[in-house]
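J.: How does the following fold in three dimensions:
(chains A and B)
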Amino acid sequence: GESVGLHLPTLSVQEGDNSIINCAYSNSASDYFIWYKQESGKGPQFIIDIRSNMDKRQGQRVTVLLNKTVKHLSLQIAATQPGDSAVYFCAENSGGTSYGKLTFGQGTILTVHP
Amino acid sequence: DGGITQSPKYLFRKEGQNVTLSCEQNLNHDAMYWYRQDPGQGLRLIYYSQIVNDFQKGDIAEGYSVSREKKESFPLTVTSAQKNPTAFYLCASSAKKNTEAFFGQGTRLTVV
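T.: Below you'll find the predicted structure:
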């Protein structure tokens, strides 16, 4: 059912710290995963993606880890900056269709303190 | 610049009215999507289209309608049957399976 007034998980860090944002996904058939960043009043921006045949992928200051055994995804942000403050969503793309539908997680609010 | 354009940015609707949200992309993407976002929540899929003249219902299609007459355009109509339409609406497109979806900047719809 639908939840009204659901509070997103929050993570507060100091500038320069490393941040880890976690996500549990539900569909064992999902074969592609994406992390998005969303700033207030804007559309989500792509951060990094990973396919199910990988367990780790690195980008600039970001690393995504995929654990298919426990259906868990994490996003690590190195040397977090105030500009990283936003809501972070994981999304999964279930396999079996030509263009999979993205199913989004609940989101995590990251706040970076100077 | 290539991208996805949603208009208008803000939209006000009276009770009982239908309104149409515009979404245009010049990325030459085959697939387009409409999502709804409520405060403090994630994105929920309303409709998606994999190809011109074809579209499928997402998880919350009731009270909405779409058309895909052109590859570049995927307008969403919020009908009077949608009982709680106040939300942030996001349009996205993707090139093919297992590539990222690119999002527009959203339309905030408010019922007055």
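J.: okay, CA-based contacts and neighbour counts for the rest of this
T.: Will do.
J.: how about low-confidence regions in chain A?
T.: Along chain A, the parts satisfying pLDDT under 70 run over A:1-7, A:95-100.
J.: Tell me which stretches of it form strands.
T.: Residue ranges of the strands in chain A, as given by DSSP state E, are A:10-14, A:19-24, A:30-38, A:45-51, A:56-58, A:62-67, A:72-77, A:86-94, A:102-104, A:108-113.
J.: now swap in chain B and tell me
T.: For chain B, the strands defined by DSSP E occupy B:4-7, B:10-13, B:19-25, B:31-37, B:43-51, B:54-57, B:64-66, B:76-78, B:87-94, B:102-103, B:107-111.
J.: Serialize those to a markdown table and add fields for mean neighbour count.
T.: As requested, these are arranged in a markdown table below (neighbours: other C-alpha atoms under 10 Å in any protein chain shown):
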| stretch | mean neighbour count |
| --- | --- |
| strand B:4-7 | 19 |
| strand B:10-13 | 14 |
| strand B:19-25 | 20 |
| strand B:31-37 | 24 |
| strand B:43-51 | 23 |
| strand B:54-57 | 14 |
| strand B:64-66 | 19 |
| strand B:76-78 | 20 |
| strand B:87-94 | 25 |
| strand B:102-103 | 23 |
| strand B:107-111 | 19 |
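J.: need the ones you listed in a markdown table with distance to residue A:16 and mean pLDDT, can you?
T.: Formatted as a markdown table, the strands of chain B follow (distance: least, C-alpha to C-alpha, whole Å; pLDDT from 0 to 100):
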| stretch | distance to residue A:16 | mean pLDDT |
| --- | --- | --- |
| strand B:4-7 | 33 | 96 |
| strand B:10-13 | 36 | 93 |
| strand B:19-25 | 37 | 97 |
| strand B:31-37 | 31 | 95 |
| strand B:43-51 | 30 | 93 |
| strand B:54-57 | 44 | 93 |
| strand B:64-66 | 45 | 98 |
| strand B:76-78 | 42 | 97 |
| strand B:87-94 | 32 | 95 |
| strand B:102-103 | 29 | 94 |
| strand B:107-111 | 34 | 95 |
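J.: Rebuild the ones you listed as a markdown table, extending it with distance to chain A.
T.: Output for those, formatted as a markdown table (distance: least, C-alpha to the nearest C-alpha, whole Å):
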| stretch | distance to chain A |
| --- | --- |
| strand B:4-7 | 10 |
| strand B:10-13 | 11 |
| strand B:19-25 | 13 |
| strand B:31-37 | 7 |
| strand B:43-51 | 6 |
| strand B:54-57 | 10 |
| strand B:64-66 | 16 |
| strand B:76-78 | 17 |
| strand B:87-94 | 7 |
| strand B:102-103 | 6 |
| strand B:107-111 | 9 |
